[in-house]
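In: show me how the following folds:
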Amino acid sequence: MRLRITCNLKFEIVVPTPFILMLRPRSGSQQWIERQEYELTPSTAVSEFTDNYGNLCQRITAQEGLFSIATTSEVVTTEYSDQNFGAHFVEIQNLPDSILSYLLPSRYCESDCFNDLAVTITQGQLPGYNQVSAITEWMRATISYLPGSNNEPLSAVQVNHKRYGVCRDFAHLGIALCRSLSIPARIVVGYLYNLQPMDMHAWFEAYIGNRWYTFDATQLGSQGGYVILGLGRDAADVAVFNQFGPSVFPYEQLVKVERIAEF
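Out: As a prediction, the model looks like this:
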């Protein structure tokens with residue numbers, strides 16, 4: 001499917017404020033970027049770098065006054081997410097070096113606290129994809145998905161205790177449960193076609209059968225329409241904007257994802 005994504009952020013800047021942004025998707029195995037626009041108002045000097053996880057990041061310093069970011073992307077992505085029940089667990093000694101960091105506990109994914117729960121959830125499941133699917137179904141049945149309920153990221157331990165959260169919180173819990181079983185897992189932030197209510201979205205991927213698979217306990221079925229902005233260990237790695245100095249939050253944030261007709 002072909003999608004057009006627009007994202008508009010508006011800020012009121014009190015003092016010159018450095019930002020690191022992550023608002024430009026890149027082409028990869030799961031998506032192809034056909035066209036992009038990236039407008040800063042007022043016009044601002046920008047430089048771009050690739051972070052440790054392969055994400056495109058933009059550095060700017062916003063000056064005092066009103067400041068806005070407007071991005072548009074046209075993206076080709078998959079109609080359905082791949083499923084592969086029976087895909088095998090990859091032994092640690094056979095994992096690529098680049099995958100190993102996704103086995104370890106991280107700031108919001110305390111995987112060292114979840115082995116007993118993960119073993120209980122996945123009892124009787126084949127190691128690998130079937131275990132991650134069981135974890136996803138358990139979260140869907142046990143944790144309430146409440147968009148807008150948390151402004152700050154919750155850790156996996158906190159989500160498991162509260163029993164509710166936003167998409168990002170579901171991702172943290174799923175990642176921690178997977179890692180506790182020695183299944184590499186990472187957070188993904190981006191956009192999702194037909195998301196309700198529309199906003200940015202987060203989900204997670206697990207490395208099984210020598211590739212990454214998408215899992216999202218907040219959505220049903222194997223729907224596609226995911227567009228990736230950033231990947232990382234947890235939410236600390238994939239903020240769509242980090243600012244430095246006095247706290248600044250957008251007073252307006254509008255996201256739109258529409259399907260482009262194909263003839």
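In: going forward, measure contacts and count neighbours with C-alpha atoms only.
Out: OK.
In: residue contacts, residue 136?
Out: Taking Cα atoms under 8 Å, 6 or more residues apart in numbering, we find residue 136 in contact with 174, 215, 216, 217.
In: tell me the pLDDT at it?
Out: As predicted, residue 136 sits at a pLDDT of 98.
In: quick one: secondary structure of it?
Out: Following DSSP: H, G, I helix; E, B strand; the rest coil, residue 136 is assigned to helix.
In: so how do I select the buried members of the contacts of residue 136 in ChimeraX?
Out: To isolate the buried members of these in ChimeraX, using 16 or more other Cα atoms under 10 Å:
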select :174,215,216,217
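In: count the residues that sit near the closest residue to residue 110 other than its chain neighbours.
Out: Leaving aside its sequence neighbours, residue 110 sits nearest to residue 176 (Cα to Cα, 6 or more residues apart in numbering; 5.9 Å). The local packing of residue 176 (other Cα atoms under 10 Å) involves 33 other residues.
In: which residues sit in contact with residue 176?
Out: 105, 109, 110, 111, 112, 114, 156, 185.
In: name the member of these with the most neighbours.
Out: Ranking those using other Cα under 10 Å puts residue 185 first, with 32 neighbours.
In: looking at it, it is touching residue 208, isn't it?
Out: No: counting by Cα atoms under 8 Å, residue 185 stays clear of residue 208, with 9.4 Å between them.
In: what's the spacing between the residue nearest to residue 110 and residue 255?
Out: Distance of residue 176 to residue 255, computed by Cα to Cα, to the nearest Å: 29 Å.
In: what's the answer for residue 209, then?
Out: 34 Å.
In: how about residue 200?
Out: 7 Å.
In: between the two, who's got more neighbours?
Out: Legend: neighbour count by other Cα under 10 Å for residue 200 and residue 255, higher for residue 200 (20 against 15).
In: the nearest residue to that one once chain neighbours are set aside in helix, strand or coil?
Out: Leaving aside its sequence neighbours, residue 200 sits nearest to residue 191 (Cα to Cα, 6+ apart; 5.2 Å). Put simply, residue 191 is strand when judged by three-state DSSP.
In: give me the distance from stretch 203-217 to the chain's centre.
Out: Counting by Cα atoms, centre = their mean, to the nearest Å, stretch 203-217 is centred 12 Å from the centre of its parent chain.
In: and the residue nearest to residue 110, that one's in a helix?
Out: Yes: secondary structure of residue 176 (three-state DSSP): part of a helix.
In: model confidence for it, exactly?
Out: 98.
In: can you pull out the helices in the stretch 51-200 of the chain?
Out: Using DSSP state H, counting those that start in this stretch, the helices of the stretch 51-200 of the chain run over 115-121, 129-142, 156-162, 167-180.
In: go ahead and confirm residue 58 touches residue 45.
Out: No: here residue 58 lies out of contact with residue 45, judged by Cα under 8 Å, at a distance of 10.1 Å.
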